[in-house]
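Asker: I need the structure of the sequence given here:
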Amino acid sequence: MSSSAGSPDELYDVIIIGAGAAGLAAGLYAARSRLRTVLLERLGVGGQLGLTEWIDDYPGFADGISAADLTIAMEKQAKRFGLDVTYDEVLSVDLTDKVKVITGAESVYRGKTVIIATGGQPARLNVPGEVEFQGRGVSYCAVCDGAFFQDQPLAVVGGGDSAVEEGDFLTRYASKVTIIHRRDTLRAAKVLQERAFANPKVSFLWNTVVDKIEGDHAVNKLALRNVQSGEQSELEVGGVFIFVGYRPNTAFLGGQVALDVNEYIVTDEAMRTNLAGVFAAGDVRQKVLRQITTAVADGSIAALSADAYLKEQW
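Answerer: Sure thing, here's the model as predicted:
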């Protein structure tokens, strides 16, 4: 942590919470605007970039780039313009006054504006092999990783909109896709169900759960169990895509910022929340598409909106 961070006399122009793609982009734009900016991160930079090893769909990298290298480059670029990256866990916030107060485990931070870029996390199965093979056959994003599994059999776990829609999407690459669902009916919208049922490359395993994800250097099979009969089986796959829910990291806000029914932050196109001087960017906000490119765009817009607010209100 920098020596100046958290000083009682320090009033930042911008406090960014979260160092994923959205937070780093916001930090870059805020720092380049010569705003006194601190980015608070609990563990390490990268956010959802840490869920994959290789990125093929970020513009400007013809041969792709490792997630680690992209993260390092984004952080280095933002720091070059003076961004202060401080490691501290945010415990609570007070965003209702003109001066915002962020209380961390290590210090207290005061700012004129706040950009919330805390992202979220996919719900996990919490079975053996899930963590070990993350990025090596275990994925939570079909758009991000589907192309790596050309002509391989894949499994999708879940029965909601995301599972069925992403399962159908994966047939662009996979030799076949098996959707594994713990119930005997899907929760997905009817139109998505109809599309999946009509796709000859999609099959279903009903009343079934994954007990273990197995492999050598990468995933090669799943240990399955029928929840009604208890019968155990195995399914050979090149990868497994898990869509059993996604949880935005908004609990720490204490109800001060308006959320939708799924607890995502509601913003307008300028990334403004219901509170003056408070903005949100990336996967934590209500939006249609959650990709690195959209997170970066959100962060850039949020920083520029914060700059405009400062010029008007301070």
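Asker: contacts, neighbours, all on C-alpha from now
Answerer: Fine.
Asker: Just the CA atoms of stretch 128-144, as CSV, please.
Answerer: Taking Å, rounded to 0.1, in the frame of the first residue of the first chain, the C-alpha atoms of stretch 128-144 are listed here in CSV:
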residue,chain,number,x,y,z
PRO,A,128,-13.1,-32.3,-6.8
GLY,A,129,-11.2,-31.2,-9.9
GLU,A,130,-13.1,-28.0,-10.5
VAL,A,131,-10.5,-25.7,-9.2
GLU,A,132,-7.6,-27.9,-10.3
PHE,A,133,-8.7,-27.9,-14.0
GLN,A,134,-9.9,-24.3,-14.2
GLY,A,135,-8.5,-22.9,-17.4
ARG,A,136,-7.6,-26.4,-18.5
GLY,A,137,-11.0,-27.7,-19.5
VAL,A,138,-13.2,-26.1,-16.8
SER,A,139,-14.7,-22.9,-18.0
TYR,A,140,-17.5,-20.5,-17.0
CYS,A,141,-17.7,-18.6,-20.3
ALA,A,142,-18.6,-20.2,-23.7
VAL,A,143,-17.9,-17.1,-25.7
CYS,A,144,-14.5,-16.8,-24.2
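Asker: was I right about Arg225 contacting Trp206?
Answerer: No: counting by CA atoms under 8 Å, Arg225 sits too far from Trp206 to count as a contact (10.3 Å).
Asker: what helix or strand does Tyr29 sit in?
Answerer: Assigned by DSSP states H and E, Tyr29 belongs to helix 21-32.
Asker: what are the C-alpha coordinates of that helix, in PDB please?
Answerer: Presented in PDB, the C-alpha positions along helix 21-32 are these (Å, rounded to 0.1, in the frame of the first residue of the first chain):
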ATOM      1  CA  ALA A  21     -10.700  -5.200 -16.600                       C
ATOM      2  CA  ALA A  22     -13.300  -2.500 -15.900                       C
ATOM      3  CA  GLY A  23     -11.400  -1.200 -12.900                       C
ATOM      4  CA  LEU A  24      -8.100  -1.100 -14.700                       C
ATOM      5  CA  ALA A  25      -9.600   0.700 -17.700                       C
ATOM      6  CA  ALA A  26     -11.300   3.200 -15.400                       C
ATOM      7  CA  GLY A  27      -8.000   3.700 -13.600                       C
ATOM      8  CA  LEU A  28      -6.200   4.300 -16.900                       C
ATOM      9  CA  TYR A  29      -8.700   6.900 -18.100                       C
ATOM     10  CA  ALA A  30      -9.000   8.700 -14.700                       C
ATOM     11  CA  ALA A  31      -5.200   8.800 -14.400                       C
ATOM     12  CA  ARG A  32      -4.700  10.100 -17.900                       C
END
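Asker: Now do that helix: which elements does it pack against?
Answerer: Under the contact criterion of 3 or more CA pairs under 8 Å, 6 or more residues apart in numbering; DSSP states H and E, helix 21-32 touches strand 12-17, strand 37-41, helix 67-80, strand 108-116, helix 292-313.
Asker: if you set the cut-off to 7 Å instead, what comes out?
Answerer: When contacts are defined as 3 or more CA pairs under 7 Å, 6 or more residues apart in numbering; DSSP states H and E, helix 21-32 packs onto strand 37-41, helix 67-80, helix 292-313.
Asker: Kindly calculate the angle that it makes with helix 67-80.
Answerer: 20 degrees (axes from the mean of the first three to the mean of the last three CA atoms, to 10 degrees).
Asker: Go ahead and measure how far helix 21-32 is from the middle of the chain.
Answerer: How far helix 21-32 lies from its chain's middle: 17 Å, per CA atoms, centre = their mean, to the nearest Å.
Asker: what's the closest non-adjacent residue to the most centrally placed residue in the chain?
Answerer: The chain has Gln48 as the residue nearest its centroid, 4.5 Å off, counting by CA atoms, centre = their mean. Excluding the flanking residues, the one nearest Gln48 by CA to CA, 6 or more residues apart in numbering is Gly20, at 6.6 Å.
Asker: Make sure that neighbour is actually in contact with Gly47.
Answerer: Yes: Gly20 lies in contact with Gly47 (CA atoms under 7 Å); the separation is 4.0 Å.
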